[in-house]
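Undergrad: What shape does this take:
(chains A and B)
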Amino acid sequence: MNNDPLEHIAQTLKTHEVSPSESASFDEVMRRREKRKKGIIWWFTSAALLLMVGGIYFSPWSSEEFNTTADQKNTSNSGTSVQSEAYSSSILDKKSADAEEEIITNSTPESQEPYLADNDPKKSNKKTLGAKLFNIFNKLRGKGGADITPTNNGMTRQDSESSKFSRGLMTTVLVEEPALYGKRYLEPTKLGEPLEMRPSDYLDWDFSMGPFEPHLRKKPWYVELSAITGSNNQVQFNEEEPLSVLGTNYMAQYQASFLTSFNSSSAMWGIGLHYTQWVGNGEWREHTKERILQPDGTYKIINSTTTGRVNYSIDKVSIPLSYRGFARVSKFNLRYGVQLAPGFTSVTEGTYFDATSYTALQNSRMWSMDGKASVGPMIQVNKGLNVVIEPSVMYQSFVDQNSKIQGNWFGGLGVSMLYRLR
Amino acid sequence: MTDKELVEGCIREDRIAQKYLWDQYSSKLLALCMRYTQNQEEAEDALMEAYVKIYDNMKKFRFQSALETWMRRICVNVSINKLRARKNIFNELSESEFELGYLDSQYNQLQVNQIMELVHQLPTGYKTVFNLFAVEGYSHKEISKLLEIDEGTSRSQLAKARKVLQEWVTKLGLDK
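TA: Purely as a prediction, here's the structure:
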């Protein structure tokens, strides 16, 4: 027999065995494994679907573009001159009107496909998948994807409406792309505003523009790659608080986004994916009064300070919804931006802390939300590539296992590369 | 079935090997989990979570220790995580008011269930450090890492646990 009672207790506990009840069985373990695997697949599928839907929604095949091209096609098929009011209200002489008609007609010969820039039917067919996907999406969001569906005779279903739209849209062409008319005689003006010209203004115009395909300027698309890092320190000086944590939090974020500009402004908006690593290290200090029960039944009170380390690690996957604006100050181009990024945690480990408390994190998937505001200089590297250096303020948060929102403010610095796709 | 065969079987997702692993170790590991958790239900939950991790990570087992030791470590980690998720292990210290119960049994007649019951009456911090150090054989350095406390805190928690248990044994006259 062991003479040391504490050793006896330890040995007894070490060899102790307890049979699991019926609810804890091998089959239950296997069921949990399956469930976990399915959970992982579900998350990845959801993220992929979300990205796909986002991608289609922000696709460059906008419904406006389709409607426009269809309308222009119809106009040319019916032999009507495609002119803005500015052109047709007896300002241009017959020569210019004929030239314009010829241009449009030449660019859209006999093809019945409602896609302006594609004279080759085979080439049009290559767009079919994207167009079909977009039609489906248009129907879902109620923007009249059916409007651009060709009928058997090659006319769209809104032939009667086409001329109504074509005027305004063609005016847009003139305003946005004056260079299409050989020289930059036309200065940009507001949509629908009549142009007044004297014959001497245009008689010497050179209309021999050569072959070209009129088209609406497509919205430019950009891809942005960013890396951002930030930190914050926390300290608690209030002596009334029994628990204080002195610590530092760090975060690093890697982001890829697709951005496009608004119709007429240089501002952009977009969607993307980012991965955030968020860690914290600290030391907690707790002042307590312990009451120890004595063998004689009395309590001994001991004032003590307990210290310990806390650290945590949180990884998150989020979908940032971004807005970017541009400003010019003196000779410097500045870019400012805000974004909101809902997401979920992929790793939660350790003990999360703020200045007066700490919470052990359960290793489970939790909702998260990030926000960021930034402003910084934008430097053009070449025609398509810009680099932005962005000081930023960020808020990182997540919902812990007790449904409590935990979060931290960070000051940080980021570098972004903005590349124009087309 | 040897440990090596068991591990290889589990890596192949062989159900027989997996079931054998469960049958062989689940009772020992459940007793381990029960020392850190509040009740059997919570302990069984920890045990099953630990087994999921064991099966999923069997490829990472390198035979640098006995299979049982490796599995015990996983169970300890899962149980400690559960404990932390429920509440902080050391928060109880400031509020600790505990009184060990009296037993009629003699020291050498103490049943394991009674010992379990008495150890469970210790504050969570004392109990956890005592279990890790005295039963599982962790060093203070390892305990400090696992519980994210200073080594000094681990030592003092153990000393306090020993003192309380010693007083209890003395009080009951079980040391004679």
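
Undergrad: so what pLDDT did A:Leu186 get?
TA: Confidence at A:Leu186, expressed as pLDDT, is 51.

Undergrad: Please tell me the pLDDT value assigned to B:Leu29.
TA: pLDDT recorded at B:Leu29 is 92.

Undergrad: Could you write out the alpha-carbon coordinates of the helix or strand harbouring B:Ala50 in CSV?
TA: Secondary structure from DSSP states H and E places B:Ala50 in helix B:40-56. This file holds the C-alpha atoms of helix B:40-56, laid out as CSV (Å, rounded to 0.1, in the frame of the first residue of the first chain):
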residue,chain,number,x,y,z
GLN,B,40,-19.9,12.7,-17.4
GLU,B,41,-22.0,14.1,-20.2
GLU,B,42,-19.5,16.9,-20.8
ALA,B,43,-16.6,14.4,-20.5
GLU,B,44,-18.2,12.1,-23.1
ASP,B,45,-18.6,15.0,-25.4
ALA,B,46,-14.9,15.8,-25.0
LEU,B,47,-14.0,12.2,-25.5
MET,B,48,-15.9,12.0,-28.8
GLU,B,49,-14.4,15.3,-30.0
ALA,B,50,-11.0,14.0,-29.1
TYR,B,51,-11.6,10.8,-31.0
VAL,B,52,-12.6,12.8,-34.1
LYS,B,53,-9.3,14.6,-33.8
ILE,B,54,-7.4,11.4,-33.3
TYR,B,55,-8.9,9.8,-36.4
ASP,B,56,-8.4,12.9,-38.5
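
Undergrad: Following element in sequence after it, please.
TA: That would be, after helix B:40-56 and using DSSP H and E, helix B:67-86.

Undergrad: any idea of the mean pLDDT for that following helix?
TA: Rounded mean pLDDT across helix B:67-86 is 86.

Undergrad: try stretch A:56-75
TA: 48.

Undergrad: Sticking with A:Asp204, tell me its helix or strand.
TA: Using DSSP H and E, A:Asp204 sits within no helix or strand.

Undergrad: Model confidence score at it, please.
TA: 70.

Undergrad: Next: B:Ala17.
TA: pLDDT, B:Ala17: 90.

Undergrad: what's the answer for A:Ser19, then?
TA: On the pLDDT scale, A:Ser19 gets 87.

Undergrad: Show the contacting residues for the residue nearest to it when sequence neighbours are not counted.
TA: The shortest distance from A:Ser19 to any non-neighbouring residue, by Cβ to Cβ, 6 or more residues apart in numbering or on different chains, is to B:Ser27 (5.3 Å). No exception for glycine: its C-beta is placed from N, CA and C like everyone else's. Neighbouring residues of B:Ser27 by Cβ atoms under 8 Å, 6 or more residues apart in numbering or on different chains: A:17-20.

Undergrad: Spatially central, which residue of chain B would that be?
TA: Central residue of chain B (Cα atoms, centre = their mean): B:Leu32, 4.2 Å from the mean position.

Undergrad: mind checking how far that one is from B:Leu165?
TA: 19 Å (Cβ to Cβ, to the nearest Å).

Undergrad: Where does the prediction get shaky in chain A?
TA: Along chain A, segments meeting pLDDT under 70 span A:1-5, A:57-196, A:202, A:205-218, A:263-265, A:422.

Undergrad: Could you chop it up by domain?
TA: Annotated domains of chain A cover A:63-202, A:219-420 [automatic domain parsing].

Undergrad: still on that earlier bit, now, the contacts of B:Ser27 that are in helices?
TA: Taking DSSP state H, every one of the contacts of B:Ser27 sits outside helices.

Undergrad: Quick one: buried ones out of those residues?
TA: The neighbour count (16 or more other Cβ atoms under 10 Å in any protein chain shown) marks A:18, A:20 as buried among the contacts of B:Ser27.

Undergrad: and of the contacts of B:Ser27, the nearest to A:Gly282?
TA: Nearest to A:Gly282, judged by Cβ to Cβ, of the contacts of B:Ser27 is A:Val18 at 37.7 Å.

Undergrad: follow-up on the earlier one: residues in contact with the residue nearest to the centre of chain B?
TA: B:Leu32 sits next to B:72, B:75-76, B:79, B:136 when contact means Cβ under 8 Å, 6+ apart.

Undergrad: top strand in chain A by residue count?
TA: For chain A, the strand with the greatest residue count under DSSP state E is strand A:268-293.

Undergrad: packing partners for that one?
TA: strand A:221-234, strand A:243-261, strand A:299-318, strand A:321-329, strand A:332-353, helix B:92-95, helix B:151-171 (3 or more Cβ pairs under 8 Å, 6 or more residues apart in numbering or on different chains; DSSP states H and E).

Undergrad: Mind doing that once more with 7 Å?
TA: The contact analysis (3 or more Cβ pairs under 7 Å, 6 or more residues apart in numbering or on different chains; DSSP states H and E) places strand A:268-293 against strand A:243-261, strand A:299-318, strand A:321-329, strand A:332-353, helix B:92-95.

Undergrad: Nearest spatial neighbour of whatever residue of chain B ends up closest to chain A, chain-adjacent residues omitted?
TA: Closest residue of chain B to chain A, Cβ to the nearest Cβ: B:Arg84 (3.0 Å). Leaving aside its sequence neighbours, B:Arg84 sits nearest to A:Ala360 (Cβ to Cβ, 6+ apart; 3.0 Å).

Undergrad: Please put the alpha-carbon coordinates of stretch A:260-275 into CSV.
TA: Extracted in CSV, the C-alpha atoms of stretch A:260-275 (Å, rounded to 0.1, in the frame of the first residue of the first chain):
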residue,chain,number,x,y,z
THR,A,260,-15.7,48.8,-61.8
SER,A,261,-16.5,52.5,-62.1
PHE,A,262,-19.8,54.1,-61.8
ASN,A,263,-21.5,55.3,-65.0
SER,A,264,-20.0,58.7,-65.3
SER,A,265,-17.8,59.2,-62.4
SER,A,266,-14.4,57.9,-61.6
ALA,A,267,-15.5,56.4,-58.3
MET,A,268,-15.4,52.6,-58.2
TRP,A,269,-17.1,49.9,-56.4
GLY,A,270,-16.5,46.2,-56.3
ILE,A,271,-16.3,42.9,-54.5
GLY,A,272,-13.6,40.5,-53.6
LEU,A,273,-12.1,38.1,-51.2
HIS,A,274,-9.8,38.6,-48.3
TYR,A,275,-8.0,36.6,-45.8
